[in-house]
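Colleague: Mind folding the following:
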Amino acid sequence: MSGGLSKALDSSKKALRRLAGSASILTLVSLFGFSYLVEKTQPLNLLFCTGLTTIRQNNMVGKLPKIISSSENPQVLMLGTSLSLYPMAHLDDVMKEGRTRWDSTYVRYQICPYSQANYLEKELSKKLDRKIKAVNASVVAAVVSDQYLILDKYLKSGKKPELVLLFMAPRDLCANNKSQIGKSPTFEILSDMQNLDDLLATKPDFASLTEFAISKVWTYAAARNDYKSIFAQAASRFTGHPVDLYTAKQQINKGEKPANIFEVDKYWEAEAVYQQPSNELKQLDDYREIYTTFSEEQFQNQKTFLEKLFKLAQENDVPVCVVNMPLTRQNYALMQKGKYDLKRFEGTVQELASQYQVPVVEPGKEQDYDLDDFEDCAHLNLKGGTKLFRSVSEAICSNQRIAARLTGSGVMVGAGSLPATR
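Modeller: Numbers count the residues shown, from 1 in each chain. I've put the predicted structure just below:
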């Protein structure tokens with residue numbers, strides 16, 4: 001008996017030695033070890049400040065593929081813009097560090113790629129007596145068509161949230177001074193991102209399936225174009241020659257010169273600011289441009305995508321709750337009465353919400369928000385963010401259908417149900 005065991009052990013040791021001495025095995029181990037290291041360190045993200053990287057390292061939308069491909073399946077998915085992203089990130093900072101920063105560097109490199117919602121999790125967990133997890137997929141400068149694409153890709157990845165929180169403001173239906181539908185940063189980064197369902201829908205050949213499988217386990221296979229791009233851009237800067245003919249023509253038309261290889265993003269230079277500056281209503285000119293260049297075609301397109309988002313959620317049995325974000329009265333005053341004003345925005349959202357039985361939370365109508373609640377003309381500060389997310393949490397837990405889903409027990413929690421219309 002002992003002799004047989006000894007022979008088996010000897011055979012196992014010899015087999016292990018043969019494997020350890022195999023060049024192919026060592027190559028594969030080294031390859032996947034390197035891939036794991038690259039995935040964890042994200043070296044290209046560290047070069048974002050140089051302006052050489054591709055859209056995958058863009059701090060506004062680079063988090064989306066990570067959120068969608070993550071194995072985690074939080075109960076709450078937050079969709080919105082910087083209006084929901086900024087105050088959540090600041091509140092989470094205070095929870096974790098006891099303070100937060102207000103400088104442009106911090107916004108660009110810490111808040112824009114932020115994907116957590118710890119403060120919201122804490123409020124919901126406390127009220128529902130259940131550990132609630134949330135992911136923050138809010139994207140700076142996004143519009144409703146972007147939110148639809150994020151939700152579509154998120155559901156196709158196999159995840160199914162128990163609640164989608166859609167934070168909205170008037171600009172989300174009319175921001176025609178931004179990229180066109182299909183050309184926004186969100187569309188650009190997600191259009192090439194394939195999950196298995198997307199791939200199978202194209203009836204792929206064996207080579208495509210093999211490449212897809214390899215890209216899931218080998219970081220370079222999934223991001224090889226990023227590395228090609230950064231080397232091409234670096235060579236262009238070093239030699240002073242445009243990276244392609246299109247860029248050359250653009251530079252000639254605009255009278256520009258190729259960037260110096262040593263130039264970096266101006267945001268990298270800003271100093272840390274821990275004291276919130278006084279509210280000087282910054283970004284008011286940006287909103288003035290958005291409202292005064294109102295396009296009926298853009299409005300109707302975004303309205304269509306809002307309905308598509310509600311329909312997509314309904315078909316997948318995923319509850320949605322809309323939160324109409326409060327803004328400063330100076331912001332509202334820029335809207336065009338009789339053409340596109342607050343009444344038309346709210347009426348449009350309420351009309352579609354009623355059709356698909358989507359509750360609408362309006363914190364600005366429940367309590368007053370003044371300049372002391374904002375850091376500029378639109379973004380809530382710590383005081384305003386606290387009021388907002390406590391109000392949202394209370395509304396969620398008062399909705400019987402949503403609260404029952406979040407508790408996971410089928411038990412109706414809360415005093416009543418939020419109406420979809422006022």
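Colleague: all helices for the stretch 1-150 of the chain, in order.
Modeller: 2-20, 23-41, 63-69, 82-97, 104-106, 118-128, 144-156 (DSSP state H, counting those that start in this stretch).
Colleague: Sketch out the low-pLDDT regions of the stretch 101-250 of the chain for me.
Modeller: 176-182, 192-225, 243-250 (pLDDT under 70).
Colleague: rerun that using 90 as the cut-off
Modeller: Residue ranges of the stretch 101-250 of the chain with pLDDT under 90: 105, 108-109, 175-185, 187-250.
Colleague: Kindly report the same for the stretch 301-422 of the chain.
Modeller: 337-338, 364-367, 407-422.
Colleague: could you pull out the strands for this protein?
Modeller: Ranges of strands in the chain, per DSSP state E, are 76-79, 134-136, 163-168, 320-324, 360-361.
Colleague: In CSV, list the ones you listed along with distance to Phe231.
Modeller: C-betas here are computed from N, CA, C, even on glycine. Shown next, in CSV, are the strands of the chain (distance: least, Cβ to Cβ, whole Å):
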stretch, distance to Phe231
strand 76-79, 35
strand 134-136, 33
strand 163-168, 39
strand 320-324, 43
strand 360-361, 48
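Colleague: Could you export those strands as CSV, including mean neighbour count?
Modeller: Shown next, in CSV, are the strands of the chain (neighbours: other Cβ atoms under 10 Å):
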stretch, mean neighbour count
strand 76-79, 24
strand 134-136, 24
strand 163-168, 25
strand 320-324, 23
strand 360-361, 23
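Colleague: residue contacts, the residue lying closest to Pro363 once chain neighbours are set aside?
Modeller: Using Cβ to Cβ, 6 or more residues apart in numbering and skipping residues adjacent in sequence, the residue nearest Pro363 is Ser391, 4.4 Å away. Ser391 makes contact with Val361, Pro363, Glu366, Gln367, according to Cβ atoms under 8 Å, 6 or more residues apart in numbering.
Colleague: Separate out the buried members of those.
Modeller: The neighbour count (16 or more other Cβ atoms under 10 Å) marks Val361, Pro363 as buried among those.
Colleague: wait, which of the contacts of Ser391 is closest to Glu162?
Modeller: Lowest distance from Glu162 to these (Cβ to Cβ) belongs to Val361, with 16.8 Å.
Colleague: Is it correct that that closest one is in contact with Arg390?
Modeller: No. If you go by Cβ atoms under 8 Å, Val361 and Arg390 don't touch, sitting 11.7 Å apart.
Colleague: The strands of the chain: which one's closest to Asp285?
Modeller: strand 163-168 (22.0 Å).
Colleague: in its sheet, what does the closest one sit against?
Modeller: Strand pairing for strand 163-168, using DSSP bridges, gives strand 76-79 (parallel), strand 320-324 (parallel).
Colleague: Other residues contacting the shortest one?
Modeller: It stands for strand 76-79. Residues contacting strand 76-79 (Cβ under 8 Å, 6+ apart): 84, 88, 117, 120-121, 124, 132-138, 147, 150-151, 154, 161-167, 406.
Colleague: Using CSV, write out the CA atom coordinates for that strand.
Modeller: C-alpha atoms of strand 76-79 as CSV (Å, rounded to 0.1, in the frame of the first residue of the first chain):
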residue,chain,number,x,y,z
VAL,A,76,-29.0,49.6,-7.6
LEU,A,77,-27.7,51.0,-10.8
MET,A,78,-27.3,54.8,-10.9
LEU,A,79,-27.6,56.5,-14.3
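Colleague: so for that strand, what's the average pLDDT?
Modeller: In this model, strand 76-79 has a mean pLDDT of 98.
Colleague: before we move on, back to that, measure the residue nearest to Pro363 to Lys131 for me?
Modeller: 22 Å (Cβ to Cβ, to the nearest Å).
Colleague: end-to-end on stretch 356-365?
Modeller: 22 Å (Cα to Cα, to the nearest Å).
Colleague: Identify the residues contacting that stretch?
Modeller: 307, 310-311, 313-314, 320-327, 346, 349-350, 352-353, 369, 387-388, 391-392, 395-396, 399, 402, 417-422.
Colleague: doesn't Val320 make contact with Asn399?
Modeller: No. With contact defined as Cβ under 8 Å, Asn399 and Val320 do not form a contacting pair (11.3 Å).
Colleague: Need the overlap of contacts for the two.
Modeller: Taking Cβ under 8 Å, 6+ apart as the contact rule, Asn399 and Val320 have no neighbour in common.
Colleague: Quick check, Leu190 in contact with Leu64.
Modeller: Yes. With contact defined as Cβ under 8 Å, Leu190 reaches Leu64; the gap is 6.1 Å.
Colleague: and those two? which has more neighbours close in?
Modeller: Counted by other Cβ atoms under 10 Å, Leu190 and Leu64 do not tie: Leu64 has more neighbours, with 25 against 21.
Colleague: Tyr356 versus that one, what's the distance?
Modeller: For Leu64 relative to Tyr356 (Cβ to Cβ), the value is 24 Å.
Colleague: can you give me the helices for the stretch 301-422 of the chain?
Modeller: Per DSSP H, counting those that start in this stretch, the stretch 301-422 of the chain carries helices over the ranges 329-332, 342-355, 363-366, 382-398, 400-407.
Colleague: would TSV of the ones you listed with distance to Pro185 be doable?
Modeller: Shown next, in TSV, are the helices of the stretch 301-422 of the chain (distance: least, Cβ to Cβ, whole Å):
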stretch	distance to Pro185
helix 329-332	24
helix 342-355	24
helix 363-366	28
helix 382-398	25
helix 400-407	31
